[in-house]
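K.L.:
coordinates only, sequence not included:
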Ligand SMILES: Cc1cc2nc3c(=O)[nH]c(=O)nc-3n(C[C@H](O)[C@H](O)[C@H](O)COP(=O)(O)OP(=O)(O)OC[C@H]3O[C@@H](n4cnc5c(N)ncnc54)[C@H](O)[C@@H]3O)c2cc1C
Ligand SMILES: Cc1cc2nc3c(=O)[nH]c(=O)nc-3n(C[C@H](O)[C@H](O)[C@H](O)COP(=O)(O)OP(=O)(O)OC[C@H]3O[C@@H](n4cnc5c(N)ncnc54)[C@H](O)[C@@H]3O)c2cc1C
């Protein structure tokens, strides 16, 4: 099976395609460079052509044509993914969905939308329509697509209330097109959603989504300073356990990261101060203040509803989730990160143990969130990178101390997840992508079923970076 | 200090007052008769007159006048309270707030309302205005007032998501009028709310409330049958821990109570079936079905979105909270109840221990709710009443097994609560009701500061029942 890319491109030339090298390079990359490990391996990855269909029919035509010519297809939302998720390792076609961006229907508690719609635009539409918004969004809200969020993301702002995207109820329905001689259109609900959610587009293309909505409030952004990191973490954890205080974000960032990396806070935060970032519903502000006064240790550094700074800090969630890493990276390119799961109920104790072991080499950044009804912490720790060996060792040490790691320095589904085969996703790929043309190299269990996870997986089909 | 009731009535005769015996009796009673203990003691309680002010100014006039004449004042919302809360033990004036019922303002996430407004009418107004509703309501939604809910209630439908009324954030602001020579108008927020919330109107009259709102969905009512009570309880608990599945109610009722007491389910539920009652947001129905299918043991008996019964069961929450007791009482007058707190994390184990001890004498009715961010169970157990001594013993046995009891067979704040002085409420009563005229006999710490709680408190000022 040798791809005939030229024939595929030729057959699709009546659509919006490009082979312009600059455009191709831009559409072949995501935020993989967050990881020094991935940067070293994927920097030269580039597609042979990109196509931007405007309708589901055009998507189907692209898939049918590429199938006929054995041409790999890697789907792209907005390309804000972190692990090379949207990068065409084997070259071929990038299927760019940015034009498939219509908000189709808005109802109380739910909306129907096309995958290329940007999260921010969706929220603008639902807010204007009926004061609603998405339950949760990645901190790349301003640029990321909803399809990319579902296929590549995990949760984010709102997860402190609603849990993760994978939790039942946080996706209602996905419409999916398969990669076959004659692509099928399938509608997934309930158990079926797990087939394609967070599958990196390896086994189907999402062409329509039905998502639950929550009320859109004029969230008050807050930044609180604490002299003591454990106090900051305990505060954020306790606040998130207040059932009557509606919040959308609770982030904890260890000193001196805020002073070092948050340039708009220069002169306002000291290098001994850890920060808690919050989004609080306006109707909960009194209760928030009451709760905060009871605990004493917090100093309110910033609140968006009462700010006299000459230049405000901007949206608080753009200091949270993976934006924390982004801000750190911009100031200090030696910083990278890890994704850690600190499980309930001893999550805060576990964080302290980790702090004792690593000191400044790993600064804590916690996202307070819910899983199975319990508040706990997800770590997006800021790691001072030295060598790949030391990074692997840091991962191992975390795991030995009972913290699960979702390794962001790997480009496969399995290595970025639980290091095990997802039988549901694999099974559906067998059905929906029999030739294995969708986003090649991302699902180890498809590429190399006997892989043992002892070292980093290297996709043998990776196109020569020199080209 | 001898009350001059006649003079007070005379001075208020230009307002809407009544001394009609039937009207007076009706306005002097609540649902105290749920308790055989209270029924024996309070049956003859009756006010000397009732007055129904239509404005805050009229409320102030009533208070000023009654103060001048040392006339007791017991506030009444709709009189659906359970413990004689709204009953004028010392006679005097019943201040009926039913005409003070305006919905004043509705905003995203909050509303401003007068205390006499009925919960159902509030929800109708906020739903029509902007698709919103109260976060939580007592199951007496159709008849109870918001002022009575705040002053006498604790939580209810919605507490599975939002916790209790006492939790920070579930009341925003209360406007309160004091009982002094010249009544003052005070505005309470934050910590101050605890002064008058759940204080039975013993230390101030609430004349305006600001309450948070949640989105109003077309909740799907469900009844699920289980052959095994522990499986039913575990199911409801686990469902309430699903962060992405939005529910408003999760009630568990042990067999054979549903078969015995739910007359509209005759022939549909067997006497071995325990029930789980649910209200699920329509956008969460798929996820609910997925979750339920995973657990296997449940049989869906009724769902309001797909029902072919000739006569439906009505609103499912009218089988929950204290409506369960009401339905049991109607069928079997020997049934009474207890309010039990089964605390996280071993709430379900505790329920099983209690079941082993009491068998059929105490049937379990659990309301799954949240406290401090954790799902647990509040019991409104159905108790087969024999004697007061045995009832007290059942209370004691619960307490010995580590379950806190809120005794519904007592008419004082302390005995219905944690059996301890609420210093905040008492302190505010000293300020706001120096003559002790508001709802006399309900706050032991005011009436008899040295009381030791060794036996049931008996208010010495209780008016002769023979009159
Ligand atoms: C600064 C920063 C902050 C971030 N914060 C978060 C966060 O808070 N939470 C979080 O979960 N992630 C976060 N991410 C990761 C990423 O931004 C999110 O997952 C984002 O929602 C991806 O959307 P996208 O449109 O950019 O997807 P892309 O990067 O374009 O695609 C992501 C994956 O989905 C696949 N895909 C895209 N569209 C479809 C489709 N229609 N059908 C099938 N497959 C498809 C792609 O092939 C790729 O594998 C962050 C990244 C950065 C750089
Ligand atoms: C079948 C049944 C089911 C119930 N379910 C629930 C439930 O789910 N949750 C729950 O919490 N309770 C429940 N209750 C108890 C009761 O119905 C609720 O507390 C209800 O909200 C009380 O409202 P009301 O207007 O009837 O108050 P009332 O009975 O009139 O008054 C309650 C108390 O508040 C005081 N009060 C009333 N208005 C004011 C005011 N404006 N200012 C100061 N004090 C005032 C009264 O003096 C009295 O002490 C139930 C009762 C019954 C009979």
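P.N.:
Looks like it arrived, so ask away. What you are looking at is a predicted structure, and each value in this text was computed from that prediction instead of being measured. Residues are numbered from 1 along each chain as shown, chains lettered A, B, ... in the order given. Ligands and ions are numbered 1, 2, ... in the order given.
K.L.:
drop to CA atoms for contacts and neighbour counts, all remaining ones
P.N.:
Noted.
K.L.:
residue A:161: what's it in contact with?
P.N.:
A:240, A:247-248, A:369-370, B:243 (CA atoms under 8 Å, 6 or more residues apart in numbering or on different chains).
K.L.:
now those residues as TSV including neighbour count, distance to ligand 1 and pLDDT?
P.N.:
Below are these laid out as TSV (neighbours: other CA atoms under 10 Å in any protein chain shown; distance: CA to the nearest ligand atom, whole Å; pLDDT from 0 to 100):
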residue	neighbour count	distance to ligand 1	pLDDT
A:240	26	18	98
A:247	26	16	98
A:248	24	12	98
A:369	27	12	98
A:370	27	14	98
B:243	24	17	98
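K.L.:
from the chain's centre, how far out does stretch A:276-295 sit?
P.N.:
27 Å (CA atoms, centre = their mean, to the nearest Å).
K.L.:
actually stretch A:114-127, not the one I wrote
P.N.:
Distance of stretch A:114-127 from the chain centroid (CA atoms, centre = their mean) equals 17 Å.
K.L.:
do that stretch and chain B meet at all?
P.N.:
No - figure legend: stretch A:114-127 not in contact with chain B (CA under 8 Å from any CA of the partner chain); closest approach 11.5 Å.
K.L.:
average pLDDT for that stretch?
P.N.:
With pLDDT averaged residue by residue, stretch A:114-127 scores 98.
K.L.:
one step back: the contacts of residue A:161 in helices, which ones?
P.N.:
Here DSSP state H is the test, and those give residue A:240 as lying in helices.
K.L.:
just the buried positions in stretch A:285-296, please.
P.N.:
Neighbour counts over stretch A:285-296 (16 or more other CA atoms under 10 Å in any protein chain shown) mark A:285-288, A:290-292 as buried.
K.L.:
ok, and what's touching it?
P.N.:
When contacts are defined by CA under 8 Å, 6+ apart, stretch A:285-296 is touched by residues A:235, A:239, A:245, A:280, A:298, B:168-169, B:172, B:189-191.
K.L.:
I'd like the mean pLDDT over it, please.
P.N.:
On average, stretch A:285-296 scores 96.
K.L.:
now residue A:103. Nearest residue, chain neighbours left out?
P.N.:
Excluding the flanking residues, the one nearest residue A:103 by CA to CA, 6 or more residues apart in numbering or on different chains is residue A:113, at 4.4 Å.
K.L.:
neighbouring strands - and their directions - for the longest strand seen in chain A?
P.N.:
Longest strand in chain A, counting residues (DSSP state E): strand A:205-215. Partners of strand A:205-215 in the sheet, by DSSP bridges, are strand A:110-113 (antiparallel), strand A:132-134 (antiparallel), strand A:173-177 (antiparallel).
K.L.:
most proximal residue of chain A with respect to ligand 2?
P.N.:
residue A:244 (15.8 Å; CA to the nearest ligand atom).
K.L.:
residues near that residue, how many?
P.N.:
Residue A:244 has 29 neighbouring residues, counting by other CA atoms under 10 Å in any protein chain shown.
K.L.:
near residue A:1, how many other residues are there?
P.N.:
7.
K.L.:
same deal with the one 3 residues further on?
P.N.:
Other residues lying near residue A:4 total 16 when counted by other CA under 10 Å.
K.L.:
list the contacts for the most centrally placed residue in chain A?
P.N.:
In chain A, the residue lying closest to the centroid (CA atoms, centre = their mean) is residue A:153, at 3.4 Å. Counting by CA under 8 Å, 6+ apart, residue A:153 touches A:81, A:138, A:165, A:198.
K.L.:
please apply the same query to residue A:163.
P.N.:
Per CA under 8 Å, 6+ apart, neighbours of residue A:163: A:155, A:369-373, B:243-244.
K.L.:
could you dump these to CSV with distance to residue B:160?
P.N.:
Compiled in CSV, the contacts of residue A:163 are given as follows (distance: CA to CA, whole Å):
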residue, distance to residue B:160
A:155, 23
A:369, 18
A:370, 15
A:371, 16
A:372, 14
A:373, 11
B:243, 11
B:244, 13
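K.L.:
pick the one among those residues closest to residue A:388.
P.N.:
Relative to residue A:388, the closest of those is residue A:155; by CA to CA it sits at 27.4 Å.
K.L.:
contact partners for that closest one?
P.N.:
A:136-138, A:163-165.
K.L.:
circling back: what pLDDT does the residue nearest to the centre of chain A get?
P.N.:
pLDDT, residue A:153: 96.
K.L.:
also residue A:463?
P.N.:
77.
K.L.:
and stretch A:450-463, how far from the chain's centre?
P.N.:
With CA atoms, centre = their mean, you get 23 Å for stretch A:450-463.
K.L.:
actually stretch A:251-258, sorry about that
P.N.:
Between the centre of stretch A:251-258 and the centre of its chain there are 20 Å (CA atoms, centre = their mean).
K.L.:
before we move on, what about stretch A:150-163?
P.N.:
8 Å.
K.L.:
hmm, back to that, in strands, which of the contacts of residue A:153 fall?
P.N.:
Per DSSP E, the contacts of residue A:153 never map to strands.
K.L.:
quick check: of the residues you listed, which lies closest to residue B:128?
P.N.:
Nearest to residue B:128 among those, with distances taken as CA to CA, is residue A:165, at 31.5 Å.
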